[in-house]
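A.B. asks: below are the sequence and a predicted model; questions follow.
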Amino acid sequence: MYSTPFTLSISKKVKAIALKEGYTNSDVASNAYIINNETIANPVISSPTGTYYQQLLISLTCPTAGALIKYTLDGTDPDENSTQYSIPFTLDHSTVLKVKAFKENYLPSSIIQTEYEIFLSSVPGMLFVQGGMFNNGSANVNLSDFYMGIYEVTQSEWFYIMGDHPSSGVGIGDNFPVYGISWFSVIKYCNLKSIHDGKTPCYIYDTFGTNPADWPEGWNTVSENHLKITCDWQADGYRLPSEMEWLYAALGGNRTHNYTYSGTNNLSEAGWYQGNSGNYTHVIGGKKNNELGFKDLTGNVLEWCWDIYGDYSTTDENNPHGIETGSLRVYRGGCWFSEDTNCRNDFRSRNYATTVNNGIGFRLVRKAD
């Protein structure tokens, strides 16, 4: 006798008939139910969660034959009405991909999720930084758009242009950041790379032009000579970031979350420093990127900037390049031997243009078209 709904846990054929005294019995109703407690295998996503600097071609597969794969790209959980996967598709922006598989008479798979940070640029190895207004702690600064290197310049990149190996003792290899380089040598590298790549060099030494081959012997051995170097800010070649460009990028530009370090409040996530480096530099890009996609801006090696060290202006500025005179050049970012407080986004340091230090490297900047 039926009284309340009941549950089937195994395959059964259910037959039912209705009876009432004084009435003819109903016909027999019959339904066969296939109960499959087997769960569909979880689908597989071709690219794992991570940060990418190019478009991703995503393929989805499921080990359970005949299963239909459904997916979403807006953070919602997929169901049987979601987009059905048929052929590989391209992602060109940061997103959350969620995938679930379905098959008749099977329990659906679990939801598989991947999170992609995708940063695209028309300049290889560099990211576009949209300019804007920010406060440096003393005044508002307005910056134009620019491109900046995703990573610090590596030892192999340095050797390709300069033909020497200045780094030794605290991390050696093609993909380690170059260090043991003076501010002067970085200026030379920027112009030689610009010439090599068919671009207009940014730096001019005194009256001797932009080609370092034409600069007089000893130009880079006297610290005071740094005042004889000027920058053509409209040239399309490679250069050092201004201090404000570096700071703006480290803070995350127009996507900033105002973190203490670049991309995080936990330095161990984003940087190699005294507390986790083992007293060595590390291969570039091994830590978390910041909001704009840059790696290693706080930690690994310090980074030379263009500016002469001095007090910030207390009035608002457009594209400042630092003071005109002084003895020292700025570097930023902390390094493998720095305490955490010296890796903060707001920490500044400086040294002579002739200084060679196994904790100082650099990254490149180019003006935007």
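C.D. replies: Done, it's in.
A.B. asks: report the contact partners of the residue positioned nearest the centre of the chain.
C.D. replies: Central residue of the chain (C-alpha atoms, centre = their mean): Gly293, 2.5 Å from the mean position. By C-beta atoms under 8 Å, 6 or more residues apart in numbering, the contact list for Gly293 reads Thr51, Tyr53, Glu117, Phe119, Leu127, Ile150. For every residue, glycine as well, the C-beta is placed using N, CA and C.
A.B. asks: what about the fourth one, neighbour count?
C.D. replies: Using other C-beta atoms under 10 Å, Phe119 is surrounded by 17 other residues.
A.B. asks: now do the last one
C.D. replies: Number of residues near Ile150 (other C-beta under 10 Å) recorded here: 22.
A.B. asks: contacts only, for it.
C.D. replies: Per C-beta under 8 Å, 6+ apart, neighbours of Ile150: Tyr53, Phe119, Gly125, Met126, Leu127, Gly285, Gly293, Phe294, Lys295.
A.B. asks: looking at the residues you listed, which are in helices?
C.D. replies: Of those, none are assigned to helices by DSSP state H.
A.B. asks: residue contacts, the spatially closest residue to Gly285 that is not a sequence neighbour?
C.D. replies: Nearest non-adjacent residue to Gly285, counting by C-beta to C-beta, 6 or more residues apart in numbering: Lys295, 4.5 Å away. Lys295 makes contact with Ile150, Tyr151, Ile284, Gly285, Gly286, Lys287, Asn289, according to C-beta under 8 Å, 6+ apart.
A.B. asks: show me the helices in this structure, by range?
C.D. replies: 155-162, 183-196, 243-251, 267-270.
A.B. asks: just want the phi and psi numbers for the closest residue to Asn175 other than its chain neighbours.
C.D. replies: The shortest distance from Asn175 to any non-neighbouring residue, by C-beta to C-beta, 6+ apart, is to Val283 (4.7 Å). Main-chain dihedrals, Val283, degrees, to the nearest 10: phi -50, psi 140.
A.B. asks: Val283 touches Gly173, doesn't it?
C.D. replies: Yes - using C-beta atoms under 8 Å, Val283 is in contact with Gly173, at 6.9 Å.
A.B. asks: higher neighbour count, the two?
C.D. replies: Val283 (16 against 12).
A.B. asks: contacting residues for that one?
C.D. replies: Gly173, Asn175, Phe176.
A.B. asks: any idea how far Asp174 is from it?
C.D. replies: Using C-beta to C-beta, to the nearest Å, we find Val283 at a distance of 9 Å from Asp174.
A.B. asks: what's the answer for Ser30, then?
C.D. replies: 73 Å.
A.B. asks: coming back round to it: closest to Ser86 out of the contacts of Val283?
C.D. replies: Asn175 (38.5 Å; C-beta to C-beta).
A.B. asks: distance check, that closest one against Asn279.
C.D. replies: From Asn175 to Asn279 the distance is 19 Å (C-beta to C-beta).
A.B. asks: from the contacts of Ile150, which land in strands?
C.D. replies: Using DSSP state E, Met126, Leu127 are the members of the contacts of Ile150 that sit in strands.
A.B. asks: can you tell me which two in the contacts of Ile150 are farthest apart?
C.D. replies: Taking C-beta to C-beta, the two most distant members of these are Met126 and Gly285; they sit 13.9 Å apart.
A.B. asks: between the two, which one's more packed in?
C.D. replies: The neighbour comparison of Met126 against Gly285 (other C-beta under 10 Å) goes to Met126, with 21 against 17.
A.B. asks: what bridges to the residue lying closest to that one once chain neighbours are set aside?
C.D. replies: Among residues not flanking Met126 along the chain, Tyr147 sits closest, at 4.2 Å (C-beta to C-beta, 6+ apart). Taking DSSP bridges as the rule, Tyr147 bridges to Phe128, Arg366.
A.B. asks: tell me where the stretch 51-200 of the chain has strands.
C.D. replies: 56-58, 60-61, 68-72, 83-84, 89-91, 95-102, 112-118, 126-129, 132-135, 140-143, 146-149 (DSSP state E, counting those that start in this stretch).
A.B. asks: what's next to the last one, contact-wise?
C.D. replies: By that I understand strand 146-149. 121, 123, 125-129, 131, 241, 245, 249, 294, 363-368.
A.B. asks: re earlier: need the pLDDT of the residue nearest to the centre of the chain.
C.D. replies: For Gly293, the pLDDT comes out at 97.
A.B. asks: how close does it sit to Ile118?
C.D. replies: For Gly293 relative to Ile118 (C-beta to C-beta), the value is 9 Å.
A.B. asks: and for Val170?
C.D. replies: 33 Å.
A.B. asks: same thing with Trp158?
C.D. replies: Taking C-beta to C-beta, one finds Trp158 at 29 Å from Ile118.
A.B. asks: looking at the two, which one has more neighbours?
C.D. replies: Neighbour comparison, Trp158 and Ile118: the larger count goes to Trp158, with 25 against 17 (by other C-beta under 10 Å).
A.B. asks: okay, the more buried one and Gly361: tell me how far apart.
C.D. replies: 9 Å.
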